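Enquirer: pasting the sequence and the predicted model now:
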Amino acid sequence: MSQLKKLASQTVLYGLSNILAKMLNYLLTPLLSYLLIDHAGQIANGNLAIIYASMTFFNVFFTYGMETAYFRFSNKEGIIKNNLFQTAFSSLLISTIFFASIIFLCRNWFSNIMVLDHSVFINLMVAIIAVDTIAVIPFAKLRQEQRPLKYAFIKVMGILCTIVLTVWFVAYSPQFIIRHPYTLYAEYFGNLPTTALLLIANLVGSIITLLLLNKEWLQFRGKVDFVLWKQILLYSLPFIVIGLGGMINEVIDRIMLSRLFNGTATEAKAVTATYNFSYKLAIFITLFIQAFKMAAEPFFFNQSKEKNATETYAKVMHWFVITLCIAFLFTTLYIDVFKFFIGPQYRYGLGVVPILLAANVCLGIYYNLAVWYKVTDKLMYGMGITLFGAIVTIGINFYFIPIFGMFACAWATLICYGSMMLLSYYFGQKHYKVPYDLRSMGVYFLITSILFLLQNLISHEFISVKIRVIFGSCFFLFFLMVVIKKESIKMSSIVTVRKNQS
């Protein structure tokens, strides 16, 4: 239990800042969905969905698993941490300049592939990626040195800057330009499309973040330990395939939806924006998974040296599943409240939310299961599983998007993550057996499914939102009571066994 408490505290310390930053970023969702409601606004939201989906692909190549490798090697004996920082930072800095230059020179080609109207979007996108990539190792250094307050401050300040500029560009800048048409500001920003303005806001936020990390990256001296660098690359390069497959599974649906939707280009952009906003309603699960990943990665590597590592991993999975079920129910049972998080014209996509939530539950479990191939250095299995998931995602989306639109994307995501979860469990139990309590977790999943179905039946019977919320609250409290009672009994039995053994 002490190890679980340690992981929980790390999740709070390092994950809370990420959650806070992400929640601030999610505040842009209602802002953009309520204010950008005209034809141009829907196109801008559709462009942003495509651009940010594409950015995740580029991030895989720009970072090529260097952050995970940094944590892996920082726990190895004989590694000088300053040499590790200098080598990892040098590698990312040089490769970032190289990749950014290639994309910049081919910006027109990328713009056509991504169905974007202006190549300036590509310039801004690659600038954001480059700045964020340079900040990866300094942020990893803060996490390794256990400095959560500074980490949180920098993350939040960058997001706040982005939000302030976004609000300015969307809500106030048009009126300012009308009132001051002959200023340099009006001359430059007045001619830029909304998509470019929103990307500029993001870029400034990323630059502020990097500047606040100055004490970390100013320690850079350009020293490279080439022996260590080769070892790092041998470990990190497979993460390009793993990360690429993961990004295909996560974001390719929005790109394919914009191109394969059975309608006009404008309708495709609008549907893509709607699907993207619906995806963001899975906020509570996605934020928890992201926070858990940040805390769990260094934790799992440290625990791999302990004798009872597998028992610890099983306990982590048990509580992880409980938390995922709570997040799933919290979102689905109160969907009548959360729907106001997005504008009315985008709410016709709410039907995909439960499917995407279930998909993210499978994804979270997969991340937890994936510990076996990371700590045993069997990354080829991780590559194979993610590539299989990518094939499933692309295949289902390609054949069914023209027929079912965004629902094809949602079901493809669920089938993909579900199959990856099962494959990871199967191979993991063969190569690194962990005693997961499948029966107990299965009970929680069964109760969660029943409560969700009951809420759906009630939603069809009652129009009143108040009645739906009341029933949802009762179901949610019931689940919490089941968890408390069940886990209390389990803890009591463990204490009794230990007393008898002593």
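Expert: On my side now, so go ahead. Numbers count the residues shown, from 1 in each chain.
Enquirer: use CA for all of it now, contacts and neighbours both
Expert: Noted.
Enquirer: tell me who's in contact with Ile255.
Expert: Ile255 makes contacts with 50, 53-54, 114, as judged by Cα atoms under 8 Å, 6 or more residues apart in numbering.
Enquirer: quick one: low-confidence ranges for the stretch 1-150 of the chain?
Expert: For the stretch 1-150 of the chain, applying pLDDT under 70 flags the ranges 1-46, 146.
Enquirer: in three-state terms, label Ala314 for me.
Expert: helix (DSSP: H, G, I helix; E, B strand; the rest coil).
Enquirer: distance-wise, check it relative to Met441.
Expert: Using Cα to Cα, to the nearest Å, Ala314 is found at 11 Å from Met441.
Enquirer: between the contacts of Ile255, which sits nearest Gln219?
Expert: Closest to Gln219 out of the contacts of Ile255 is Ser54 (31.9 Å), distances taken as Cα to Cα.
Enquirer: what number of residues lie near the closest one?
Expert: Applying other Cα atoms under 10 Å, we find 19 residues neighbouring Ser54.
Enquirer: same thing with Ala127?
Expert: 20.
Enquirer: residue contacts, it?
Expert: So Ala127 contacts 100, 203 (Cα under 8 Å, 6+ apart).
Enquirer: before we move on, which element is it in?
Expert: helix 120-134 (DSSP states H and E).
Enquirer: how close does Thr87 sit to Phe73?
Expert: Distance from Thr87 to Phe73, by Cα to Cα: 12 Å.
Enquirer: between those two, who's got more neighbours?
Expert: Thr87 (24 against 19).
Enquirer: state the distance from that one to Phe220.
Expert: 9 Å.
Enquirer: now for the chain, the helix or strand with the poorest mean pLDDT.
Expert: helix 2-10 (a mean of 54; mean pLDDT, DSSP states H and E).
Enquirer: convert the helix holding Ala127 to CSV, retaining C-alpha atoms only.
Expert: What follows is the C-alpha trace of helix 120-134 in CSV, where atoms were taken according to Å, rounded to 0.1, in the frame of the first residue of the first chain:
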residue,chain,number,x,y,z
VAL,A,120,0.8,29.8,-43.4
PHE,A,121,-1.0,27.3,-41.2
ILE,A,122,1.8,24.8,-41.8
ASN,A,123,4.4,27.4,-40.9
LEU,A,124,2.7,28.2,-37.6
MET,A,125,2.1,24.5,-36.9
VAL,A,126,5.7,23.5,-37.4
ALA,A,127,6.8,26.5,-35.2
ILE,A,128,4.6,25.2,-32.4
ILE,A,129,5.9,21.7,-32.7
ALA,A,130,9.5,22.8,-32.7
VAL,A,131,9.2,25.0,-29.6
ASP,A,132,7.2,22.3,-27.7
THR,A,133,9.8,19.6,-28.7
ILE,A,134,12.7,21.7,-27.3
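Enquirer: what does the helix or strand following it rub up against?
Expert: The C-terminal neighbour of helix 120-134 among helices and strands, as given by DSSP H and E, is helix 136-144. Helix 136-144 has contacts (Cα under 8 Å, 6+ apart) with 14, 63, 66-67, 70-71, 85, 88-89, 148, 150-151, 213, 216-217, 298.
Enquirer: helices - which of the residues you listed land there?
Expert: Mapping the contacts of helix 136-144 onto helices (DSSP state H) picks out 63, 66-67, 70-71, 85, 88-89, 148, 150-151, 216-217, 298.
Enquirer: and for Val352, the neighbour number?
Expert: Val352, neighbours per other Cα under 10 Å, totals 19.
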